[in-house]
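Novice: missing the sequence, but the structure's below:
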Ligand SMILES: Cc1ncc(COP(=O)(O)O)c(C=O)c1O
């Protein structure tokens with residue numbers, strides 16, 4: 001390729017690192033029992049209802065999908081009391097972040113966000129040449145709204161907030177959201193990435209962005225997490241109709257695909273599956289926190305389907321990750337999130353969590369001799 005063919009700002013852009021796929025681990029280690037606790041997916045799988053709808057639709061895959069996704073938008077309008085003009089759909093919520101990068105960001109712009117958050121948006125913003133400006137998390141691992149407010153400048157075009165945040169599992173509360181919004185100028189777009197909304201919405205002080213409906217807030221949600229449809233890539237965004245109109249201009253016409261559209265409708269209609277997902281998550285969460293507490297890992301309290309804890313060093317995180325892989329358990333070391341001394345475990349089904357506990361019990365005696373626990377744990 002000829003040097004200079006691509007813009008310079010892509011030269012240092014790193015490719016997103018996903019959780020290790022199960023097949024890869026099976027291939028590499030010849031294991032039969034594998035538990036993937038690395039990508040915050042729904043361990044109960046997709047809703048049976050969604051599967052039925054998607055299976056039926058396979059016979060129609062010689063046709064292009066409805067580019068206006070009439071049925072899916074209608075369903076979302078019904079649920080959230082919206083008009084279709086307020087909804088944008090994409091290949092996962094990351095697809096919609098890509099539209100923001102294309103429609104809004106330019107090389108002169110800054111995206112303001114926090115350290116140690118979901119890096120998918122950093123990558124997309126950088127692909128548009130924008131600069132990422134971050135502020136540190138608070139000492140209790142939350143977005144620091146005061147620091148964000150102080151760092152808004154004339155260059156700030158977008159403020160990105162994952163609420164709850166990945167990988168910390170923490171959230172900004174209503175008071176903090178109000179505080180931040182009181183400093184955000186009208187011409188700055190706030191992206192509220194609520195990928196884990198369904199897990200957090202029960203908290204009284206959690207600010208559900210749909211209760212506010214600011215003109216300069218884009219709410220992003222996804223079918224990848226609580227709805228168990230990561231593999232078919234459907235995300236949705238809610239916002240002011242003018243904003244949505246611009247996002248739709250840069251969108252590929254047939255996203256989300258045919259199967260994705262019907263699977264998403266099926267998932268929204270299956271309230272039982274969603275409820276079972278939340279119930280399993282809450283039960284397994286309590287057990288996971290007790291286990292990690294008992295082992296003195298001092299886990300960070302989370303309102304999501306994953307838990308982060310401190311190992312104290314990159315070496316310890318990598319050791320734990322590798323030894324767990326040998327036992328068939330995939331977790332996530334957090335170097336890519338610039339937290340190399342932490343790891344994250346997604347909440348699985350009971351048998352998957354048992355697998356994790358058994359593997360940890362086996363690994364920890366040698367691990368403890370080598371690494372112990374961080375002194376400030
Ligand atoms: C905070 C956050 N936003 C967005 C995503 C991506 O979601 P989607 O599958 O809808 O692109 C993730 C996935 O891990 C996430 O953690």
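Specialist: Good, I have the coordinates. Since this is a predicted model, take the numbers as computed values, not measurements.

Novice: So what's the gap between the longest helix seen in the chain and the chain middle?
Specialist: Determined from DSSP state H, the single longest helix within the chain is helix 271-294. Averaging C-alpha positions (Cα atoms, centre = their mean, to the nearest Å) puts helix 271-294 18 Å from its chain's average.

Novice: The helix or strand following it vs helix 271-294, what angle?
Specialist: Counting by DSSP states H and E, the next helix or strand C-terminal to helix 271-294 is strand 306-310. If you take axes from the mean of the first three to the mean of the last three Cα atoms, to 10 degrees, strand 306-310 sits at 10 degrees to helix 271-294.

Novice: coming back round to it: mind listing what's buried along the longest helix of the chain?
Specialist: Residues 273, 274, 277, 278, 280, 281, 284, 285, 288, 289, 291, 292 are the ones in helix 271-294 that count as buried (16 or more other Cβ atoms under 10 Å). The way it works is simple: take the backbone N, C-alpha and C, and place the C-beta from them, glycine included.

Novice: what do you get for stretch 123-141?
Specialist: Of the residues in stretch 123-141, 123-135, 137-138, 141 count as buried by neighbour count, 16+ other Cβ under 10 Å.

Novice: Then stretch 162-182?
Specialist: Neighbour-count burial for stretch 162-182, with 16+ other Cβ under 10 Å as criterion, is recorded at 162-173, 176-177, 180-181.

Novice: got the end-to-end distance for stretch 24-41?
Specialist: Using Cα to Cα, to the nearest Å, the end-to-end distance of stretch 24-41 comes out at 17 Å.

Novice: Do any residues in it lie close to the ligand?
Specialist: Yes - against the ligand, stretch 24-41 shows contacts by Cβ under 6 Å from any ligand atom at residue 40.

Novice: Need the residues that contact that stretch.
Specialist: By Cβ atoms under 8 Å, 6 or more residues apart in numbering, the surrounding residues in contact with stretch 24-41 are 18-22, 166, 196, 224-225, 228, 230, 304-306, 325-326, 328-332, 344-348, 351-353, 355-356.

Novice: Apply 7 Å and report the result again.
Specialist: With contacts defined as Cβ atoms under 7 Å, 6 or more residues apart in numbering, stretch 24-41 is touched by 18-20, 22, 166, 225, 230, 305-306, 325-326, 328-332, 345-346, 348, 352, 355-356.

Novice: Now which of those residues would you call buried?
Specialist: Buried among the contacts of stretch 24-41 by 16+ other Cβ under 10 Å: 19-20, 166, 225, 230, 305-306, 325, 328-332, 345-346, 348, 352, 355-356.
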